[in-house]
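A.B. asks: got a predicted structure plus its sequence, pasted below:
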Amino acid sequence: MTTYDDRASLTDLTATVERVRSSVEGVIEGKPEVVRLSLTVLLAEGHLLIEDVPGVGKTMLAKTLARSIDCSVRRIQFTPDLLPSDITGVSIWDQQRRDFEFKPGAIFAQIVIGDEINRASPKTQSALLESMEERQVTIDGQTYELPSPFMVVATQNPVEMEGTYPLPEAQRDRFMARVSIGYPSPEAELEMLDIHGGVNPLDDLQPVAHAHDIVKLIDAVRGVHVAEPVRRYAVDLVAATRTHPDLRLGASPRATLHLLRASKASAALSGREYALPDDVQALAVAVLAHRLLPTAQAQLNRRTSEQVVQEILQRTPVPAAPQQSGLGGLGRGTPAYPQQPPRRL
């Protein structure tokens with residue numbers, strides 16, 4: 001396993017991340033924070049939900065991220081008539097062998113693009129549950145492992161749009177983070193007209209990293225250290241969602257785990273061997289908000305889940321930085337919360 005104790009490997013891995021980031025930002029103009037969150041989810045072994053109105057580049061972001069990595073990619077266009085077997089696969093009777101032969105579905109890829117996922121029925125959406133959580137598919141009692149790395153990048157329109165179904169709670173909880181791209185700035189939109197007006201930028205996009213590079217990156221992220229105060233801070237944030245008066249459904253323990261993994265990936269993207277409370281704060285809205293269900297009164301008051309998470313962030317005490325690390329701190333002889341800004345890739 002690659003760890004942060006291997007300095008030569010760390011240099012190579014950070015260079016790989018920079019290549020992927022530059023490749024994606026060359027197509028998605030003016031949205032560096034969205035690109036960073038996408039890479040964070042990828043390195044944290046999570047799945048990404050991109051929600052926004054039509055035409056802002058949701059599918060373009062998913063396809064650009066997939067094409068920047070030399071790995072298997074499958075796209076699923078979610079429609080009302082899509083069947084669960086179209087996603088997971090089906091066993092077909094083979095006349096010559098006189099036995100059933102398994103035909104893999106579209107989920108058998110390293111990066112799966114689910115376009116407009118909330119236009120399929122909840123039954124079809126549920127076909128993703130096992131694969132997203134356990135990275136396997138069970139058909140007719142037989143279990144098939146999915147390749148590594150494995151990531152689902154799904155896009156969806158807001159539930160107010162015509163012809164959409166709300167995602168089940170269990171489905172939303174399996175997405176590590178939700179991101180909204182938003183409209184570009186006038187400068188970025190003008191640049192987009194110059195770049196996208198004549199040709200499709202995806203046509204000339206070449207992979208800048210291999211799948212085994214991403215696996216090494218994921219292994220390195222697993223080695224990022226998280227001090228006990230930072231872990232407790234993440235637990236306190238999630239626990240506060242379960243007792244908040246404006247929420248009828250708080251975040252699950254899976255949300256705590258996802259928040260911790262994403263924080264470790266964010267630390268790695270910043271070139272650090274350890275996570276900080278800042279990493280947890282920066283990711284709390286993206287990781288927690290889409291899992292929460294406001295009460296009817298909160299909806300009448302136009303209170304959103306994002307506003308509730310922001311309020312919880314303001315009310316929850318941030319752990320104080322110890323003077324120096326030791327067995328009770330971050331370990332490895334590194335300062336707990338360094339005074340200098342963390343170096344970025």
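C.D. replies: Yes, it's here.
A.B. asks: quick one: residues contacting Ile87.
C.D. replies: By C-beta atoms under 8 Å, 6 or more residues apart in numbering, the contact list for Ile87 reads Ile76, Gly105, Ala106, Ile107, Thr124, Ala127, Leu128. Every residue, glycine included, has its C-beta placed from N, CA and C.
A.B. asks: quick one: which of the residues you listed is most hemmed in?
C.D. replies: With neighbours defined as other C-beta atoms under 10 Å, the most crowded of those is Leu128; it has 27 neighbours.
A.B. asks: surely that one is within a helix?
C.D. replies: Yes. Secondary structure assignment places Leu128 in a helix (DSSP: H, G, I helix; E, B strand; the rest coil).
A.B. asks: spit out the contact partners of it.
C.D. replies: For Leu128, the contacting residues are Ile87, Ile107, Gly114, Val152, Gln171, Arg174, taking C-beta under 8 Å, 6+ apart as the criterion.
A.B. asks: all the strands of the stretch 201-345 of the chain, residue numbers only.
C.D. replies: With DSSP state E, counting those that start in this stretch, the ranges of strands along the stretch 201-345 of the chain come out as 209-210, 247-249, 293-294.
A.B. asks: want to throw the ones you listed into TSV with distance to Glu311?
C.D. replies: Supplementary listing: the strands of the stretch 201-345 of the chain in TSV, determined by distance: least, C-beta to C-beta, whole Å:
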stretch	distance to Glu311
strand 209-210	39
strand 247-249	11
strand 293-294	12
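A.B. asks: as a markdown table, those strands with mean pLDDT would be great.
C.D. replies: Shown next, in a markdown table, are the strands of the stretch 201-345 of the chain (pLDDT from 0 to 100):
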| stretch | mean pLDDT |
| --- | --- |
| strand 209-210 | 90 |
| strand 247-249 | 93 |
| strand 293-294 | 94 |
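A.B. asks: which one in the chain is furthest away from the centre?
C.D. replies: Summary for the chain: using C-alpha atoms, centre = their mean, the residue whose C-alpha lies farthest from the chain's mean C-alpha position is Gln96, with a distance of 43.6 Å.
A.B. asks: which SSE is Gln125 in?
C.D. replies: Assigned by DSSP states H and E, Gln125 falls within helix 122-125.
A.B. asks: show me where the stretch 51-200 of the chain has its helices.
C.D. replies: With DSSP state H, counting those that start in this stretch as the definition, the stretch 51-200 of the chain shows helices at residue ranges 58-67, 84-88, 122-125, 129-134, 169-173, 186-196.
A.B. asks: and Arg222, which of those helices is closest to it?
C.D. replies: For the helices of the stretch 51-200 of the chain, distance to Arg222 was read as C-beta to C-beta. The smallest value, 18.0 Å, belongs to helix 129-134.
A.B. asks: what are the buried residues along the closest one?
C.D. replies: Of the residues in helix 129-134, those buried under the neighbour-count criterion (16 or more other C-beta atoms under 10 Å) are Glu130, Ser131, Met132.
A.B. asks: show me what that helix is packed against.
C.D. replies: The contact analysis (3 or more C-beta pairs under 8 Å, 6 or more residues apart in numbering; DSSP states H and E) places helix 129-134 against strand 136-139.
A.B. asks: could you chop the chain up by domain?
C.D. replies: Following automatic domain parsing, one gets these domains for the chain: 1-223, 225-345.
A.B. asks: off-centre distance for the longest one?
C.D. replies: So that's domain 1-223. With C-alpha atoms, centre = their mean, to the nearest Å as the basis, domain 1-223 stands 8 Å off its chain's centre.
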